[in-house]
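Asks: Could you look at this predicted model? Sequence included:
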Amino acid sequence: MQNKLWYKRRAIRWEEALPVGNGRIGAMVFGNLKRERIALNEDSLWSGYPKDHNKKDAGEYLEALRTAIFHEDHDEANRIANTEFHGHWSEAYLPFGDLIIDYEGAKAQGYTRELDLETGVSKTENDAVCQTVFVSHPAQLLVINIKCKEDVSLKIRFKSQLKHKVYCDERTLFMEGRAPEICMPPYYNTGVVFDYGKNAMNCCAAVRVVGNAEFVKDRILINSQEETTIFVSLATSFVDYKSMPTADAKARALSYLSNAKNYGEMLKEHIADHSSLFNRVEIDLGSEETELPTDRRIRRFQKHPNKDNNLAALLFQYGRYLTIASSREGTQATNLQGIFNEHLRAPWSSNYTTNINTEMNYWCTDICNLSECFSPFFEQVKHMIENGRVTAKDYYNCSGSVAHHNSDIWGASCPAGDPLGKAHAESYAYWNSSLPWMLNQVFEHYRYTEDKALFEEMKPCFKEVLDFYNDYLVEKDGVNVTCPSSSPENTFIDNGTRACLTYMPTMDIGILEEFFENCRAFGFETPEIPPIPIGSDGRINEWIKEYEEKEPEHRHVSHLYCVYPSAVQQSEEIREATRASLYARGFGGTGWSLGWKVCLWARLDNPENAMTLIKNQLYPIFTEGVGYRHGGSYPNMFDAHPPFQIDGNFGVAAGIAEMFKRRCVPKNWSGYVKGIKLYGNKTLNLEFENGKIIKEEVF
């Protein structure tokens with residue numbers, strides 16, 4: 001199959017631009033050969049600095065909160081949680097700025113633009129110009145090469161939404177900027193929601209060119225040159241998650257420029273590095289319509305999916321590509337938008353949302369043969385564990401460590417929400433099971449790699465979180481339960497009252513069931529907890545009681561954690577109840593929700609239902625204002641929540657790989673896959689015809 005996205009027109013919207021990245025630097029290439037915009041990101045550019053936002057007297061209200069929950073006094077539980085148990089919003093991931101290239105004299109005929117997933121190179125060309133863009137991991141630079149077939153002049157400049165200045169010095173174009181100390185999410189507008197202050201991060205971009213160029217005030221001018229190579233270096237003053245951001249951003253940016261080499265050599269070096277990861281997996285599902293531009297191909301797929309099975313394969317490979325572009329050893333963990341964000345106050349602050357989204361970002365790393373891309377996730381977990389020690393004491397009077405549903409580059413661990421305690425945050429803020437879930441995922445990474453050093457490194461992390469649960473679990477009706485907790489972002493109805501806060505929701509049981517099993521692998525003793533509950537209707541019960549569901553088709557399927565992503569082998573009774581639950585949840589949902597359901601149906605050995613969801617995930621989202629609950633794909637194949645969230649791209653890739661791992665393939669797929677990983681660092685190759693496996697190789 002052809003691992004390319006391609007188009008016959010330039011990108012107008014950000015969701016049409018093509019992403020390139022090296023884990024640290026991200027760039028969105030619009031492909032406008034009159035006025036090109038390359039939107040820039042750097043993974044450490046966040047608002048704020050290390051702050052202790054834990055509410056120091058929260059633990060004084062824990063018993064009253066538990067009493068209200070146990071007595072089903074939902075109004076009182078909400079009041080205590082929101083006014084006395086609250087925390088603060090996480091910090092925000094920020095856009096660096098835009099590199100603008102003004103072309104003068106470039107003709108518009110014969111236009112195409114493409115992104116080659118195998119090489120990690122974006123190319124845009126018409127009859128006059130060929131523009132090639134990539135982000136080199138070996139060189140840590142964004143590289144732009146422009147070849148002109150006739151007289152074309154260029155003007156290179158910067159724009160940024162941050163407070164910044166642009167100037168030229170010593171044949172280098174600089175943009176120096178400052179991040180805000182305070183950057184609240186866009187849905188919070190009480191008091192000071194955005195403020196620069198004096199203590200937040202600095203950033204610097206530095207640009208040099210190969211060829212004749214004139215550096216004039218705040219731009220670079222290039223006249224009638226056949227070939228120009230532009231090197232763009234980005235850096236921030238970030239030091240680490242617990243230190244003030246006082247590094248020299250400008251010196252750091254200049255140091256990366258010392259990695260610049262001859263363009264041909266850098267391109268070769270970049271392709272070798274990128275393809276050494278990407279080319280580990282090959283896939284062909286038997287039919288494709290590569291003669292169509294990708295945007296038209298997505299539209300056509302809804303009417304004729306069987307004529308283009310390889311669009312699903314392309315979506316799978318795109319998830320692998322975005323993993324390579326967003327997460328490499330030594331970078332920050334992948335956030336809600338990967339490393340690609342254009343908003344100053346981004347949706348959900350483009351943060352780490354750890355009640356599903358951050359974990360989903362890393363579901364496909366190991367099974368899709370990209371284990372080297374996993375390490376930033378574990379680093380983020382370790383930062384949260386360190387900060388979570390304070391949260392455990394301040395909120396729960398417990399030893400060990402705990403964290404809640406939002407985090408950031410500084411490792412935030414307290415409940416995220418209105419810092420004044422005036423918002424209704426009960427549906428999300430007080431869920432506190434992120435650390436055992438995240439550590440389960442690190443243990444899953446170990447199952448694939450069998451890295452003995454990782455096993456030893458994990459051990460104290462598991463012990464610290466286990467210490468929290470040994471203190472935190474409380475007896476109710478003769479069994480150990482978590483309290484307070486919730487089934488993330490979902491709502492039930494109890495005697496006519498809407499409620500979220502509860503004790504021992506089924507997601508907590510599923511997470512702790514797996515976490516305690518993993519703890520026992522280290523030799524730790526673990527407490528007893530209740531089993532996964534099945535309701536009277538044959539479904540997995542989401543809460544401690546069979547409450548009425550406010551949203552029967554809610555986007556979260558948290559209560560089904562026990563089947564996926566949990567590695568615990570469940571009984572057929574549990575699997576059958578999960579099937580009933582999934583049918584009740586339906587085949588719609590936000591983009592990442594569709595991805596999770598693909599994984600669940602794959603784990604349940606039902607590839608046809610998984611394929612229905614893949615088709616829904618490829619539903620074309622080409623306009624603004626699409627309903628909140630209708631996920632799909634933007635023209636550049638980014639996952640549409642909507643808005644854009646990258647987790648759905650990773651979730652569906654993991655789900656497709658899970659189908660291969662379990663040898664269950666949709667009946668209309670004929671072809672092969674090579675390079676799927678299995679536990680124990682083993683590799684799986686399959687050939688299949690009309691959904692039936694005809695050849696299998698494991699090595």
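Replies: Alright, I've got the coordinates. Numbering: from 1, shown residues only.
Asks: Check the burial of Pro293 by counting its neighbours.
Replies: The tally of other residues near Pro293 (other CB atoms under 10 Å) stands at 18. Every residue, glycine included, has its C-beta placed from N, CA and C.
Asks: in the one helix or strand Trp437 maps to, what counts as buried?
Replies: For Trp437, the host element (DSSP states H and E) is helix 434-449. Residues of helix 434-449 classed as buried by neighbour count (16 or more other CB atoms under 10 Å): 434-446, 448-449.
Asks: Which one of those residues is nearest to Glu118?
Replies: The nearest member of these to Glu118, counting by CB to CB, is Tyr448 at 23.4 Å.
Asks: So which residues of the stretch 551-699 of the chain form helices?
Replies: 572-585, 591-603, 607-617, 647-661 (DSSP state H, counting those that start in this stretch).
Asks: If you compare the directions of the second one and helix 647-661, what angle comes out?
Replies: Pointing back at helix 591-603 there. Here helix 591-603 runs at an angle of 10 degrees relative to helix 647-661 (axes from the mean of the first three to the mean of the last three CA atoms, to 10 degrees).
Asks: and helix 591-603, C-alpha only, in PDB?
Replies: Below are the C-alpha coordinates for helix 591-603, written out as PDB (Å, rounded to 0.1, in the frame of the first residue of the first chain):
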ATOM      1  CA  GLY A 591     -13.100  10.400  18.300                       C
ATOM      2  CA  TRP A 592     -11.200   8.900  21.200                       C
ATOM      3  CA  SER A 593     -14.300   7.000  22.400                       C
ATOM      4  CA  LEU A 594     -14.600   5.400  19.000                       C
ATOM      5  CA  GLY A 595     -10.900   4.300  19.300                       C
ATOM      6  CA  TRP A 596     -11.500   2.800  22.700                       C
ATOM      7  CA  LYS A 597     -14.500   0.800  21.500                       C
ATOM      8  CA  VAL A 598     -12.400  -0.500  18.500                       C
ATOM      9  CA  CYS A 599      -9.900  -1.800  21.100                       C
ATOM     10  CA  LEU A 600     -12.700  -3.400  23.200                       C
ATOM     11  CA  TRP A 601     -14.400  -5.100  20.300                       C
ATOM     12  CA  ALA A 602     -11.000  -6.400  19.100                       C
ATOM     13  CA  ARG A 603     -10.300  -7.800  22.600                       C
END
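Asks: Mind giving me the packing neighbours of that helix?
Replies: Using 3 or more CB pairs under 8 Å, 6 or more residues apart in numbering; DSSP states H and E, the elements in contact with helix 591-603 are helix 357-360, helix 572-585, helix 607-617, strand 639-640, helix 647-661.
Asks: Average the pLDDT values over that helix and round to the nearest integer.
Replies: For helix 591-603, mean pLDDT rounds to 97.
Asks: my guess is Glu696 meets Asn685, correct?
Replies: Yes - between Glu696 and Asn685 a contact is recorded at 7.3 Å, counting by CB atoms under 8 Å.
Asks: out of the two, which sits in the busier spot?
Replies: The neighbour comparison of Glu696 against Asn685 (other CB under 10 Å) goes to Asn685, with 16 against 11.
Asks: is it true that that one touches Tyr672?
Replies: Yes - contact criterion CB under 8 Å: Asn685 and Tyr672 qualify, at 7.3 Å.
Asks: hmm, back to that, and the next helix-or-strand element following the helix holding Trp437, what's buried?
Replies: Downstream of helix 434-449, the next assigned helix or strand under DSSP H and E is helix 452-472. Using 16+ other CB under 10 Å as the burial criterion, the residues of helix 452-472 that qualify are Leu454, Met458, Cys461, Phe462, Glu464, Val465, Leu466, Asp467, Phe468, Tyr469, Asn470, Tyr472.
Asks: same check, this time on stretch 298-308
Replies: Residues of stretch 298-308 classed as buried under the neighbour-count rule (16+ other CB under 10 Å) are Ile298, Arg299, Arg300, Phe301, Pro305, Asp308.
Asks: do the same with stretch 159-166
Replies: Here stretch 159-166 shows Ser160, Leu162, His164, Val166 as buried, counting by 16+ other CB under 10 Å.
Asks: Ends of that stretch, what's the gap?
Replies: One end of stretch 159-166 sits 9 Å from the other (CA to CA, to the nearest Å).
Asks: For Glu76, give me its contacts.
Replies: Ala68 (CB atoms under 8 Å, 6 or more residues apart in numbering).
Asks: That one - that's part of a helix, no?
Replies: Yes - secondary structure of Glu76 (DSSP: H, G, I helix; E, B strand; the rest coil): part of a helix.
Asks: just to revisit the earlier point, any chance of the helices of the stretch 551-699 of the chain in a markdown table with mean neighbour count and distance to Cys183 as columns?
Replies: Below are the helices of the stretch 551-699 of the chain laid out as a markdown table (neighbours: other CB atoms under 10 Å; distance: least, CB to CB, whole Å):
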| stretch | mean neighbour count | distance to Cys183 |
| --- | --- | --- |
| helix 572-585 | 18 | 34 |
| helix 591-603 | 28 | 23 |
| helix 607-617 | 22 | 31 |
| helix 647-661 | 29 | 21 |
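Asks: For those, please prepare JSON lines with the additional fields distance to Tyr352.
Replies: Listed next are those as JSON lines, based on distance: least, CB to CB, whole Å:
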{"stretch": "helix 572-585", "distance to Tyr352": "25"}
{"stretch": "helix 591-603", "distance to Tyr352": "14"}
{"stretch": "helix 607-617", "distance to Tyr352": "23"}
{"stretch": "helix 647-661", "distance to Tyr352": "11"}
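Asks: out of those, nearest to Leu277?
Replies: helix 647-661 (13.8 Å).
Asks: can you give me the offset of that closest one from its chain's centre?
Replies: 14 Å (CA atoms, centre = their mean, to the nearest Å).
Asks: what does stretch 477-484 give?
Replies: Put simply, stretch 477-484 sits 32 Å off its chain's centre (CA atoms, centre = their mean).
Asks: can you pull the buried residues of it?
Replies: Residues of stretch 477-484 classed as buried: Asn480, Val481, Thr482, Cys483, Pro484 (neighbour count, 16+ other CB under 10 Å).
Asks: Kindly report the same for stretch 44-59.
Replies: Across stretch 44-59, burial judged by 16+ other CB under 10 Å covers Ser44, Leu45, Trp46, Ser47, Gly48, Tyr49, Pro50, His53, Asn54, Lys55, Ala58, Gly59.
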